[in-house]
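Engineer: Test case, fold it:
(chains A and B)
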Amino acid sequence: SQQGEEDPQALSIQEGENATMNCSYKTSINNLQWYRQNSGRGLVHLILIRSNEREKHSGRLRVTLDTSKKSSSLLITASRAADTASYFCATTQNSGGSNYKLTFGKGTLLTVNP
Amino acid sequence: EAGVAQSPRYKIIEKRQSVAFWCNPISGHATLYWYQQILGQGPKLLIQFQNNGVVDDSQLPKDRFSAERLKGVDSTLKIQPAKLEDSAVYLCASRPGSEETQYFGPGTRLLVL
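Structural biologist: Next comes the predicted model:
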């Protein structure tokens, strides 16, 4: 079963605008990660936020986490055409020892128009 | 640093045929994962290896899917016999023991006719 649910399913913006994607999940987590997938390629890790963190930045990316609402958001500022991709949130539950299991949502398809 | 390698990149087979996928993880990564990604969905974990041992195969359809990682490095995933609903991208990922980030290969796109 999929733990995370991204919203919206698809988002189309103009270059230079900001893009916000949301993720909701159901059970307690160790951390939440965001991945990007370009058409026809594997996933690339963007950022990880731990359950005891509320906000994290990396370049043009800003991630927030609200564990009380079981939700996270990914903000991409000053978007570029190259940001066009599918974005997935993935939650990690520690199944014991070093067994970190990632559970992905269905993703948000972001299209940045030049 | 070389990334996760997968082959083949594309495969077309008819239903009831067999198919195998190969994955070479990043050197030194003890943990290896196989995911199935159906069009329009997120990846779903099929099996997780720690070195050459299986950690989690709870979502692997064991009547037709099998996977091995005999020497704790390369891994193969096999489907026998394939069904139409197995059409998907099969992703391999690896992770070093010190991180929680997974590193993904480009995937193998399987089409079952």
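Engineer: residue boundaries of the strands in chain B?
Structural biologist: Remark: strands assigned in chain B by DSSP state E are B:5-7, B:10-13, B:19-24, B:31-37, B:44-50, B:53-56, B:65-68, B:75-79, B:88-95, B:103-104, B:108-112.
Engineer: now for these, which one comes closest to chain A?
Structural biologist: Each of the strands of chain B has some distance to chain A by C-beta to the nearest C-beta; the shortest is strand B:103-104, at 3.7 Å. C-beta: built from backbone N, CA, C; applies to glycine.
Engineer: Strand partners (parallel or antiparallel) of the closest one?
Structural biologist: strand B:88-95 (antiparallel) (DSSP bridges).
Engineer: For A:V44, which non-adjacent residue is spatially closest?
Structural biologist: Sequence neighbours aside, A:R36 is the residue nearest to A:V44 in space, at 5.1 Å (criterion: C-beta to C-beta, 6 or more residues apart in numbering or on different chains).
Engineer: In JSON lines, list the strands of chain B along with mean pLDDT, mean neighbour count and distance to A:S71.
Structural biologist: Formatted as JSON lines, the strands of chain B follow (pLDDT from 0 to 100; neighbours: other C-beta atoms under 10 Å in any protein chain shown; distance: least, C-beta to C-beta, whole Å):
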{"stretch": "strand B:5-7", "mean pLDDT": "97", "mean neighbour count": "17", "distance to A:S71": "33"}
{"stretch": "strand B:10-13", "mean pLDDT": "97", "mean neighbour count": "15", "distance to A:S71": "37"}
{"stretch": "strand B:19-24", "mean pLDDT": "98", "mean neighbour count": "19", "distance to A:S71": "33"}
{"stretch": "strand B:31-37", "mean pLDDT": "96", "mean neighbour count": "24", "distance to A:S71": "24"}
{"stretch": "strand B:44-50", "mean pLDDT": "95", "mean neighbour count": "21", "distance to A:S71": "22"}
{"stretch": "strand B:53-56", "mean pLDDT": "92", "mean neighbour count": "14", "distance to A:S71": "26"}
{"stretch": "strand B:65-68", "mean pLDDT": "97", "mean neighbour count": "18", "distance to A:S71": "34"}
{"stretch": "strand B:75-79", "mean pLDDT": "98", "mean neighbour count": "20", "distance to A:S71": "34"}
{"stretch": "strand B:88-95", "mean pLDDT": "96", "mean neighbour count": "24", "distance to A:S71": "25"}
{"stretch": "strand B:103-104", "mean pLDDT": "96", "mean neighbour count": "22", "distance to A:S71": "25"}
{"stretch": "strand B:108-112", "mean pLDDT": "97", "mean neighbour count": "19", "distance to A:S71": "32"}
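Engineer: if I pick the residue nearest to B:L111 when sequence neighbours are not counted, what's in contact with it?
Structural biologist: Nearest non-adjacent residue to B:L111, counting by C-beta to C-beta, 6+ apart: B:I12, 4.7 Å away. B:I12 makes contact with B:L110, B:L111, B:L113 under the criterion C-beta atoms under 8 Å, 6 or more residues apart in numbering or on different chains.
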